[in-house]
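**Student:** Just to be clear, the model below is a prediction. Sequence and coordinates:
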2 protein chains.
Amino acid sequence: MSEQEINLKNNLTMLTDFYELTMANGYFENGFENTIAYFDMFFRKVPDGGGFAIMAGVQQVVEYLENLTFTREDIEFLRGKGIFSGAFLDYLKNFQFSCDVWAVPEGRPIFPGEPIVTVRGPVIQAQFVETMILLCINHQSLIATKANRIVRAAQGRAVMEFGSRRAQGADGAVMGSRAAYIGGCVGTACTLSDRDFKIPALGTMAHSWVQLFDSELEAFRAYAKAYPTNCLLLVDTYNVLKSGVPNAIRVFDEVLKPLGMRPAGIRIDSGDITYLSCKARKMLDEAGYPDCKICASNSLDEYIIRDMIMQGAQVDTFGVGERLITASSEPVMGGVYKLSAIEHPDGTVIPKIKISENVSKITNPCFKGLWRLFDRESDKAIADVITLADEIIDDTRSYDIFDPEHVWKRKTVENFHAEPMRVKLFEHGKKVYHSPELSQIRAFCEKEVDRLWTEVKRFENPHHYYVDLSPRLWNEKNRLLSEHSF
Amino acid sequence: MSEQEINLKNNLTMLTDFYELTMANGYFENGFENTIAYFDMFFRKVPDGGGFAIMAGVQQVVEYLENLTFTREDIEFLRGKGIFSGAFLDYLKNFQFSCDVWAVPEGRPIFPGEPIVTVRGPVIQAQFVETMILLCINHQSLIATKANRIVRAAQGRAVMEFGSRRAQGADGAVMGSRAAYIGGCVGTACTLSDRDFKIPALGTMAHSWVQLFDSELEAFRAYAKAYPTNCLLLVDTYNVLKSGVPNAIRVFDEVLKPLGMRPAGIRIDSGDITYLSCKARKMLDEAGYPDCKICASNSLDEYIIRDMIMQGAQVDTFGVGERLITASSEPVMGGVYKLSAIEHPDGTVIPKIKISENVSKITNPCFKGLWRLFDRESDKAIADVITLADEIIDDTRSYDIFDPEHVWKRKTVENFHAEPMRVKLFEHGKKVYHSPELSQIRAFCEKEVDRLWTEVKRFENPHHYYVDLSPRLWNEKNRLLSEHSF
């Protein structure tokens, strides 16, 4: 592969909806080249009816924006379309990203309607980056949110991400395992994710290992000899209780005991795992292996895990595959990217609103800020407030919040602590953010989820968390709505 | 980025479940280095309760296998794990893919239980490639199958793939659009897919274009001037019937008519599209634009499109986003990869079977072939037959097929034509297959789907298509089952 081909392959600049380019060319041709615009990314609904989502994918947005560049081949490809002006193509040739970008950092709980990403800059640029910002954040936030649900269902037991083979493409696997780790998984089956992201990769054997030998016993024996320090045996190739567990115990006795080693565990991948795990636990305990872990896999998700634990399953580790890596129960996080304001050449900011007959689809106009209020005593989150960008919530005094749709619902918050929820990623196109290590993001996620009330964390009918507008923003939105009304 | 870093980034060799490596090392240490094994990929269930799936992703498997190589960094990474032998790591350093690989070509309808991919070669290698073969074929077959359903629902109207922003990762978007094109979509919104796969990328404007201007009319006017030959206007930013369509007509009259141009179309992205499209159609017709196409988008899938058409929606083109690119109604194609045989050093092939308490999870043993029988008169597919690899179905004589689970259900097939369903991709590690152009694959898919009976193509309760075993294979399977029975 020539360097040029390699470059083409790594360059995701062209992973953009074609209309971003037709609009960019149109903006350029209509003299909007230097018009400054503000765009917000937000989502409307938490997947699976959950109470909150987990922000993820920011690091990939940063890398995408840092590497934005149109190659000569890209320009020639676009020229071949026959609809872009020469001047515009020259502009792309010299494209230099110069926007300001803010985002909620990865691992933080987020709620519908919040501007989780804001881009401010020349409209051609701020518009162009829509597709990849949405793609990265929608995908990873979806998987981090799902992983966090599954991890919470496991109540402290370890959850492994096992889904590469069922992922939607290579990035689905790798970035999915990254997001799953942020959401609380302890590791992954994907070797590449360990190499590139230091997510612990684990794995031992498939059924084919057992089948390749003349008997299950020989297969287990060979594995124990090869991996005495990490001897985890898959016990369901033939029959878990009649063959798998007895053979495992025999091999622990024969191979590990003389070496002074303890077994790592057994894995059950089919059948009634709750029942089988209880029986297997008893057999292992009686054989003198109460420390031998039991790992379960096979079409698990948060509901099955919750039920298994409720029914007393003796499982120490859950390996979760397709239902996590695709978030199969609701495989889309429907984040959108909407214009919220433009600047006149004199610097005046003109707020913009998108009207819809569907009230929930009406956007919040203006250049905005985002705050989370925490109770000082419990350190639990009380509400989020979307403000105008220049507002600062003064937490030395009481603060009135109100429901933006039902404004008579009001509450005075006292003894609280206000935190701005977002960080700045780029300033005039220059990266000003240094992403934490992935393990730090994972720890941050755990801590921030812990700062939510239990009621918000329910799987069914979670408490509706308040995301309110500041009075100034609310007034501005209503002014625009009345101007536009038909 | 150094060349080394670039190489690391493109190398998907390490996108493998960690257990493929622990098993490989174990095989190596147990003297199985030269043992030849056979693995089959098959799936158990057509997504969405459909009658058939569409094979896709073969080209990406070919590219992955062609580029299999462990870099120095990969080897050092694995050495750092502390569980792999030095001899095994040396083996990986000199890794040279040497398997034979067969697969159903892309675009062909496939059914549960069929060996859609078979790999024969040294067990370390044939096992190792499991993760990526499953990932590529599961993902793209899933999306091609979904796209084909949506395209059939549209009954000849054009379907565009619009889902990049909701895809599960960059490959989810790009490979997804590739698969959607195979399944019958006419194009995509994804620019990268056009550049790299020549899938026509289309797109015009987002709501932000309309919002950026002081009025919808000005926004339309500017667009029509910039793109008089491809003037497709998004009419639902404010109000489709009161504002969008009247403004569009005014601009067609003002800008296009004097140039002698005809409008390309309007797009409706929200609201009751069936109702709105009928009203808009009438307005456009009355204004002298019966040739102006109406494009619909907004959370479409095969069911909504079928209902819209039934209710008389006046839509010419459907833009389908998240529900296609993630196959959201069932976002997993559960293909598996199972050992079916090994060879003794003397060349004897020993069939292998995986038993399960769940009858549908019992595998088909042996090195196999796969045939499709077509009626000579109608050219419609009658049944598929899985045979032993050395069997040839003689279509000059009648052939008895029987249900492998209910063997008394028998049928004698006459006047038929038998086609082997698979092609050889690799011979002793050397690529021997040249993939057709993507447009040829798409045409092949259309033709092969047309060779299925209508009954198999229903969305609800499709006719169960016969996938039978040859008598020799059936006998062999039953012999193994009785040997293994507990």
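**Tutor:** Nice, I can see it.
**Student:** Kindly report the residues of the stretch 201-350 of chain A close to chain B.
**Tutor:** Contacts of the stretch 201-350 of chain A with chain B, taken as C-beta under 8 Å from any C-beta of the partner chain, map to A:201-209, A:211-212, A:222-223, A:226-227, A:229-230, A:237-239, A:242-243, A:270-271, A:322-323, A:326-328, A:330-335, A:337-339, A:342. Every C-beta, even on glycine, is put in place using the N, C-alpha and C of the backbone.
**Student:** what's the weakest-modelled helix or strand in chain A?
**Tutor:** None of the helices or strands of chain A scores lower by mean pLDDT, DSSP states H and E than helix A:3-10, at a mean of 46.
**Student:** Give me the buried stretch members for the helix or strand that comes right after that helix, please.
**Tutor:** Counting by DSSP states H and E, the element after helix A:3-10 in chain order, helix or strand, is helix A:18-29. Judged by neighbour count (16 or more other C-beta atoms under 10 Å in any protein chain shown), helix A:18-29 contains these buried residues: A:18-29.
**Student:** any chance of those residues in JSON lines, with distance to A:Leu300 and pLDDT too?
**Tutor:** Formatted as JSON lines, the buried residues of helix A:18-29 follow (distance: C-beta to C-beta, whole Å; pLDDT from 0 to 100):
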{"residue": "A:Phe18", "distance to A:Leu300": "40", "pLDDT": "97"}
{"residue": "A:Tyr19", "distance to A:Leu300": "40", "pLDDT": "96"}
{"residue": "A:Glu20", "distance to A:Leu300": "39", "pLDDT": "97"}
{"residue": "A:Leu21", "distance to A:Leu300": "43", "pLDDT": "97"}
{"residue": "A:Thr22", "distance to A:Leu300": "45", "pLDDT": "97"}
{"residue": "A:Met23", "distance to A:Leu300": "44", "pLDDT": "96"}
{"residue": "A:Ala24", "distance to A:Leu300": "45", "pLDDT": "97"}
{"residue": "A:Asn25", "distance to A:Leu300": "49", "pLDDT": "97"}
{"residue": "A:Gly26", "distance to A:Leu300": "49", "pLDDT": "96"}
{"residue": "A:Tyr27", "distance to A:Leu300": "48", "pLDDT": "96"}
{"residue": "A:Phe28", "distance to A:Leu300": "51", "pLDDT": "96"}
{"residue": "A:Glu29", "distance to A:Leu300": "54", "pLDDT": "93"}
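**Student:** Would you mind listing where the stretch 1-150 of chain A has pLDDT under the threshold?
**Tutor:** Counting by pLDDT under 70, the stretch 1-150 of chain A has low-confidence residues at A:1-10.
**Student:** show me where it has helices.
**Tutor:** A:3-10, A:18-29, A:58-66, A:72-80, A:86-93, A:123-128, A:130-153 (DSSP state H, counting those that start in this stretch).
**Student:** Please identify the deepest-packed of those helices.
**Tutor:** helix A:130-153 (a mean of 27; mean count of other C-beta atoms under 10 Å in any protein chain shown).
**Student:** what helices or strands is the helix or strand just after it leaning on?
**Tutor:** Using DSSP H and E, the helix or strand that follows helix A:130-153 in sequence is strand A:158-161. Other helices and strands packing on strand A:158-161, by 3 or more C-beta pairs under 8 Å, 6 or more residues apart in numbering or on different chains; DSSP states H and E, are helix A:130-153, helix A:170-182, strand A:187-188, strand A:317-320.
**Student:** Give the buried residues for strand A:158-161.
**Tutor:** Buried, per 16+ other C-beta under 10 Å, within strand A:158-161: A:158-161.
**Student:** do stretch A:385-404 as well
**Tutor:** Quick answer for stretch A:385-404 (16+ other C-beta under 10 Å): A:385-389, A:391, A:393, A:395, A:399, A:401-402, A:404.
**Student:** min pLDDT across those residues, which one?
**Tutor:** Lowest-confidence member of those: A:Pro404, scoring 85 (pLDDT).
**Student:** Chain B next: which of the buried residues of helix A:18-29 are close?
**Tutor:** Filtered for proximity to chain B (C-beta under 8 Å from any C-beta), the buried residues of helix A:18-29 shrink to A:18-23, A:25-27, A:29.
**Student:** Between those residues, which sits nearest A:Ile75?
**Tutor:** A:Leu21 (11.4 Å; C-beta to C-beta).
**Student:** Report the contact partners of the closest one.
**Tutor:** A:Leu21 makes contacts with A:78, A:84, A:128, B:191, B:203, as judged by C-beta atoms under 8 Å, 6 or more residues apart in numbering or on different chains.
**Student:** so can I have CSV of these showing distance to A:Asp48?
**Tutor:** Converted to CSV, the contacts of A:Leu21 look like this (distance: C-beta to C-beta, whole Å):
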residue, distance to A:Asp48
A:Leu78, 40
A:Phe84, 42
A:Phe128, 32
B:Thr191, 32
B:Gly203, 31
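**Student:** nearest to A:Asp196, of the residues you listed?
**Tutor:** Scanning the contacts of A:Leu21 for proximity to A:Asp196, where the rule is C-beta to C-beta, the winner is B:Thr191, at 26.3 Å.
**Student:** So what's the residue count around the closest one?
**Tutor:** When neighbours are defined as other C-beta atoms under 10 Å in any protein chain shown, B:Thr191 has 26 of them.
**Student:** could you measure it against A:Gly57, distance?
**Tutor:** 20 Å (C-beta to C-beta, to the nearest Å).
**Student:** what's the closest residue to chain B within the stretch 201-350 of chain A in contact with, if anything?
**Tutor:** Nearest to chain B, among the residues of the stretch 201-350 of chain A, is A:Gly203, at 3.2 Å (C-beta to the nearest C-beta). For A:Gly203, the contact set (C-beta under 8 Å, 6+ apart) comprises A:189, B:17-22.
**Student:** if we go to 6 Å?
**Tutor:** Neighbour list for A:Gly203: A:189, B:17-19, B:22 [criterion: C-beta atoms under 6 Å, 6 or more residues apart in numbering or on different chains].
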